[in-house]
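Engineer: Give the three-dimensional model of this entry:
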Amino acid sequence: MKAVKQSAAMPDTQVTEPDAVRERYARRAAIDPRYSLLDPAALIAWQERQRAISQCLRRLGFTDVARLRLLEVGSGAGANLLEFLRLGFAPESLAGIELLPERHAAAQRSLPAAVQLTLGDATAAPLPEADIVFQATVFSSLLDDAFQQRLADAMWRAAKPGGGVLWYDFTVNNPRNPDVRGVPLARVRQLFPHGVLRHQRLTLAPPVARAVVPLWAPLYTVFNAVPLLRTHLLCWVAKP
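Structural biologist: All right, here's what the predicted structure looks like:
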């Protein structure tokens, strides 16, 4: 067998998508006050999302959430898992996996010890089975289509039959931030071809919200009534 020569143009090592994600997050390591819940526009958007998730769970018949298992992929510093605790999920029924060590450590400090937290790449680590597999603004930080699909496949395998994937992410590109890209509804359908999908648009475009909320907070609701100004999708992808 002949040895295959490596092209001079081919690098000896390739940067994997997890490595690229680490680099992107390192570039935005500083806390942006615009995303703090002390910012009125961010607070209203967060409250809207919480109401929408609560309504979604009720529509699905998930009223006794203390009996459900939930896994968050990209659990960050634990803020979303804290919200699921407030919704009534039991600590021992919650799990999260996070790629970045500093965010994983922050989650360990914030969450009860009974919450199962794992540090690692969700496409490579074994994921616990869950009734709900949740992700929030993770896929918009992934710029590699193949890696997106591998992560979606891992989430789908972790979801129990009769459960599914709960998805929250934005759909439009940010021309000022090349480290992210929008994930439209058509792409969500591609990622989960065997799922039964319900969706709704929500979250007023942040630049609009930041402009109008300081003038008068109810203007968030007024502008948010225009569907074209909503930048995010909340989806339930049911697993038959």
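Engineer: which parts of the helix or strand hosting Leu81 are buried?
Structural biologist: Per DSSP states H and E, Leu81 falls inside helix 79-86. Of the residues in helix 79-86, Asn80, Leu81, Leu82, Glu83, Phe84, Leu85 count as buried by neighbour count, 16 or more other CB atoms under 10 Å. C-betas here are computed from N, CA, C, even on glycine.
Engineer: Over to stretch 119-139?
Structural biologist: In stretch 119-139, counting by 16+ other CB under 10 Å, buried: 119, 121-123, 127, 130-136, 138-139.
Engineer: re the thing from before, any idea how far the helix holding Leu81 is from the chain center?
Structural biologist: 13 Å (CA atoms, centre = their mean, to the nearest Å).
Engineer: Quick check: mean pLDDT of the helix ranked longest in the chain?
Structural biologist: Counting residues, the longest helix found in the chain (DSSP state H) is helix 40-59. The predicted model gives helix 40-59 an average pLDDT of 98.
Engineer: how close does Asp32 sit to Pro206?
Structural biologist: Here Asp32 is placed at a distance of 11 Å from Pro206 (CB to CB, to the nearest Å).
Engineer: Asp131 too?
Structural biologist: 31 Å.
Engineer: Gln14 too?
Structural biologist: Distance from Gln14 to Pro206, by CB to CB: 34 Å.
Engineer: what about these two, which has more around it?
Structural biologist: Taking neighbours as other CB atoms under 10 Å, Gln14 and Pro206 compare with Pro206 leading, 18 against 8.
Engineer: Next, give phi and psi for the more buried one.
Structural biologist: phi -50, psi -40 (degrees, to the nearest 10).
Engineer: Now do the residue nearest to Ala114 when sequence neighbours are not counted, the pLDDT please.
Structural biologist: Distances taken as CB to CB, 6 or more residues apart in numbering put Pro91 closest to Ala114, at 3.8 Å, once the chain neighbours are dropped. On pLDDT, Pro91 comes in at 98.
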